[in-house]
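A.B. asks: Below: sequence and its predicted model.
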Amino acid sequence: MPRIRATASRLFVPHQADRAQVRASREQFAAARSKARGAVPSRPRPSGKGADPELRAVYPAAGRPGPASARGGRLKLPAHRMTTATAAGAYPFLAEGGLGAEGLYIGRDVHAEAAFCYDPFVLYGRLEGFTNPNILLAGVIGMGKSALAKSLALRAVAHGYRVYVPCDPKGEWTAVSSTLGGRTIAVGPGLPGRLNPLDAPARPHGADEGDWAGEVRKRRLLLLASLARTVLKRDLRPMEHTALDVALDQVVAHTARTGRTPVLGDIAAVLADPDYLARVAGPTGGHLAGAAQDLAHALRRLIAGDLAGMFDAPSTVVFDPAAPMLTIDLSRLGGSGDDTALVLAMTCASAWMESALADPAGGRRWVIYDEAWRVMRHVALLERMQSQWKLSRGLGIANMMVVHRLSDLLTAGDAGSRSRALAEGLLTDCSTRIVYRQEPDQLTAAASLLGLTGVETQAVGALVKGRGLWKVAGRSFITQHLLHPTERDLFDTDARMQA
Ligand SMILES: Nc1ncnc2c1ncn2[C@@H]1O[C@H](COP(=O)(O)OP(=O)(O)O)[C@@H](O)[C@H]1O
Ligand SMILES: [Mg+2]
């Protein structure tokens with residue numbers, strides 16, 4: 001139906017007209033106007049049906065009703081003018097120009113009523129202060145953090161990026177990966193999946209053979225030290241580092257002759273053999289054999305303990321650089337409350353994945369650590385994550401870490417400790433911070449860690465599902481993440497609660 005518009009405008013009254021004429025024309029105008037008003041049938045108000053009930057606006061378009069709207073009209077203040085930059089100090093959500101239309105569509109910018117798009121690779125170098133592509137996502141359970149991460153992954157794949165998920169302790173990425181034609185490796189007791197963390201990555205195009213062998217050796221040593229440290233729950237002593245060095249070199253030389261890839265069992269066997277170590281290590285050999293005892297026992301957990309078989313055999317999958325998505329399902333591990341198995345598995349899995357990601361010519365990639373708070377308390381993993389964070393720009397990788405509370409970063413260790421410093425460093429190296437709702441008692445910690453203003457802090461406490469505060473290199477947006485119905489079905493983690 002065409003929209004009826006009826007208006008009345010004052011007719012031209014000649015300047016020299018006398019009072020009676022002016023009065024008559026004014027009366028004529030008033031009569032015409034009331035007639036015009038009466039002619040327009042009142043339009044029915046939009047019922048709002050059809051819109052997703054979760055996404056419907058809380059207040060009508062005219063704003064909050066009643067006295068709380070502060071529109072009583074009695075307060076009269078002199079107009080005050082200032083620049084937008086100054087005003088933003090008091091109220092950060094001023095009409096924003098937005099981040100542009102390039103990138104992955106996320107949803108709606110709630111304040112600007114505009115589409116919100118984001119792509120760290122597009123923003124890098126274009127936005128002032130956007131120094132790295134890494135992302136921190138924090139929020140209480142059930143607010144849609146995983147849904148956002150999965151949407152980002154799915155839409156990134158549509159844009160030609162590849163996505164890797166080395167940490168999926170709930171196994172909820174498997175469906176996403178299989179829908180996108182990606183692969184999932186499930187590791188756990190009784191499962192057929194095997195990952196050999198000592199797999200050597202393919203030599204990148206153009207890398208010198210000698211240099212690359214050195215790089216592979218360094219990665220393997222780091223891995224072995226992290227595994228030992230996680231089990232022993234202490235830093236390694238200098239002699240223990242040497243023992244690992246010697247054992248690795250022996251095993252690599254031996255397996256190179258037989259043409260196979262070393263496995264953890266080979267290393268443990270050398271460490272557990274004092275005579276052999278003493279012979280190959282030269283003059284310091286005697287002491288070394290003693291120092292290696294703890295290491296041999298630490299590695300035993302991966303070979304004969306509860307993780308037996310998973311990480312000490314040749315990999316059952318080869319890394320497929322062409323697959324759009326690869327996830328490692330760790331949901332069968334760590335259910336007993338002891339996170340050590342999960343951490344060891346994650347160390348091995350991430351080492352395996354990182355070595356495959358080390359190729360700078362591998363294209364732009366996303367690496368997502370879902371439920372990363374579970375591994376934040378372990379220095380060995382924090383160190384791995386930190387090195388990935390530092391390498392992100394060089395390798396063309398955007399890392400994303402999902403935590404519950406910002407204080408998860410603070411519980412990584414005591415103030416001044418190494419793990420605390422590592423966790424805080426991860427936060428510093430995230431140019432994008434997305435904050436979903438935080439519990440009231442967490443707001444102060446979040447505000448001080450992220451430097452939120454009072455208005456932002458208040459906003460974070462009142463966010464609803466799918467809605468988050470996006471701090472992108474100092475700029476603030478409140479964004480409603482919108483899910484396609486197919487995505488909603490695919491990402492649903494509430495199904496069992498509703499059934
Ligand atoms: N933006 C959204 N719109 C509608 N439903 C959503 C949205 N984000 C998440 N959900 C739903 O909310 C539920 C919980 O989300 P999930 O991502 O698992 O939460 P979290 O990872 O924060 O614990 C899921 O079933 C998901 O489908
Ligand atoms: Mg989740």
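C.D. replies: It's in. As the structure is a prediction and not an experimental result, all values here were calculated from the model. Ligands and ions are numbered 1, 2, ... in the order given.

A.B. asks: Could I get the contacting residues of whichever residue of the stretch 101-250 of the chain sits closest to ligand 1?
C.D. replies: Proximity of the stretch 101-250 of the chain to ligand 1 (CB to the nearest ligand atom) peaks at Gly144, 2.6 Å away. Just so you know, the C-beta spots here come from the backbone N, C-alpha and C atoms, and that holds for glycine as well. Residues near Gly144 by CB atoms under 8 Å, 6 or more residues apart in numbering: Tyr436, Lys465, Gly466, His481.

A.B. asks: and Arg365, what pLDDT?
C.D. replies: Looking at Arg365, its pLDDT reads 91.

A.B. asks: Need phi/psi at it.
C.D. replies: Main-chain dihedrals, Arg365, degrees, to the nearest 10: phi -140, psi 160.

A.B. asks: any idea how far Tyr164 is from it?
C.D. replies: Going from Arg365 to Tyr164 by CB to CB, to the nearest Å gives 6 Å.

A.B. asks: which residues are in contact with both of these two?
C.D. replies: Residues touching both Arg365 and Tyr164 (CB under 8 Å, 6+ apart) are Leu357.

A.B. asks: Same drill for the two, tell me which one is more crowded.
C.D. replies: Tyr164 (25 against 20; other CB atoms under 10 Å).

A.B. asks: can you count the residues close to Gly142?
C.D. replies: Neighbour count for Gly142, taken as other CB under 10 Å: 14.

A.B. asks: cool, and Gly425?
C.D. replies: If you count neighbours by other CB under 10 Å, Gly425 ends up with 15.

A.B. asks: Which helix or which strand is home to it?
C.D. replies: Assigning secondary structure by DSSP states H and E places Gly425 in helix 418-428.

A.B. asks: which strands and helices sit next to that helix?
C.D. replies: helix 379-395 (3 or more CB pairs under 8 Å, 6 or more residues apart in numbering; DSSP states H and E).

A.B. asks: What are the boundaries of the strands in the stretch 351-499 of the chain?
C.D. replies: 365-369, 397-403, 432-435, 467-472, 475-481 (DSSP state E, counting those that start in this stretch).

A.B. asks: ok, and what's touching the second one?
C.D. replies: Going back to what we said before, that points to strand 397-403. With CB under 8 Å, 6+ apart as the criterion, strand 397-403 contacts 120-121, 133-138, 145-146, 149, 152, 357, 364-373, 376, 385, 388-389, 391-392, 409, 426, 430.

A.B. asks: near ligand 1, anything from it?
C.D. replies: No - applying CB under 6 Å from any ligand atom, one finds strand 397-403 separated from ligand 1 by no less than 7.1 Å.

A.B. asks: can you give me the offset of that strand from its chain's centre?
C.D. replies: Centroid separation between strand 397-403 and its chain, computed with CA atoms, centre = their mean, to the nearest Å, is 3 Å.

A.B. asks: Around Thr411, how many other residues sit close by?
C.D. replies: For Thr411, the neighbour count with other CB under 10 Å is 14.

A.B. asks: quick one: it from Val403, how far?
C.D. replies: Noted for Thr411: a distance of 10 Å to Val403, by CB to CB.

A.B. asks: And stretch 78-92, what's buried?
C.D. replies: Ala88, Pro92 (16 or more other CB atoms under 10 Å).

A.B. asks: Can you give me the first-to-last residue distance of that stretch?
C.D. replies: End-to-end distance of stretch 78-92 (CA to CA, to the nearest Å): 23 Å.

A.B. asks: Run through this protein and note the low-pLDDT ranges.
C.D. replies: In the predicted model, the chain carries pLDDT under 70 at residues 1-14, 40-51, 53-55, 70-73, 75, 95, 284-286, 334-338, 496-499.

A.B. asks: Return the residues of it in contact with ligand 1.
C.D. replies: Taking CB under 6 Å from any ligand atom as the contact definition, the chain meets ligand 1 at 54, 139, 141-147, 465-466, 481, 483, 488, 491-494.

A.B. asks: of those, buried ones?
C.D. replies: Gly139, Met143, Gly144, Lys145, Ser146, Ala147, Lys465, Gly466, His481, Leu483, Phe491.

A.B. asks: need the contact list for the closest residue to the fifth one other than its chain neighbours.
C.D. replies: So that's Ser146. Closest residue to Ser146 apart from its sequence neighbours, by CB to CB, 6 or more residues apart in numbering: Asp370 at 5.9 Å. For Asp370, the contact set (CB under 8 Å, 6+ apart) comprises Ser146, Ala149, Val165, Cys167, Asp168, Pro169, Lys170, Glu172, Trp173, Val402.

A.B. asks: Which of those residues are buried? Put it as a ChimeraX command.
C.D. replies: Those of these that count as buried under 16+ other CB under 10 Å are selected in ChimeraX with:
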select :146,149,165,167,168,169,172,173,402
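
A.B. asks: So which of the contacts of Asp370 sit within strands?
C.D. replies: Under the assignment DSSP state E, those contribute Val165, Cys167, Asp168, Val402 to strands.

A.B. asks: quick one, what contacts Ser387?
C.D. replies: Counting by CB under 8 Å, 6+ apart, Ser387 has no contacts.

A.B. asks: What is the burial count for the nearest residue to Pro314 once chain neighbours are set aside?
C.D. replies: Counting by CB to CB, 6+ apart, Asn196 is the residue found nearest to Pro314 once chain neighbours are left out, at 5.5 Å. Neighbour count of Asn196, defined by other CB under 10 Å: 20.

A.B. asks: How about the contacts made by the residue nearest to Ala423 when sequence neighbours are not counted?
C.D. replies: In space, and not counting its chain neighbours, Ala423 is closest to Ala412: 3.7 Å by CB to CB, 6+ apart. Neighbour list for Ala412: Met376, Arg377, Leu382, Ser419, Arg420, Leu422, Ala423 [criterion: CB under 8 Å, 6+ apart].

A.B. asks: Ok, Ile141 next?
C.D. replies: His404 are the contacts of Ile141 under CB under 8 Å, 6+ apart.

A.B. asks: So it: helix, strand or coil?
C.D. replies: The three-state assignment at Ile141 reads coil, by DSSP: H, G, I helix; E, B strand; the rest coil.

A.B. asks: Could you double-check that Glu371 sits in contact with Gly171?
C.D. replies: No - Glu371 sits out of contact with Gly171 when judged by CB atoms under 8 Å, with a separation of 10.7 Å.

A.B. asks: still on that earlier bit, which of the residues of the chain next to ligand 1 fall within helices?
C.D. replies: Per DSSP state H, helices hold the following members of the residues of the chain next to ligand 1: Lys145, Ser146, Ala147, Arg488, Phe491.

A.B. asks: May I have the phi/psi pair for Thr184?
C.D. replies: phi -130, psi 140.

A.B. asks: That one - how many residues pack around it?
C.D. replies: Using other CB under 10 Å: Thr184 sits among 20 other residues.

A.B. asks: can you pull up the bridge partners for it?
C.D. replies: For Thr184, the beta-bridge partners under DSSP bridges are Thr327.

A.B. asks: Done for today, thanks.
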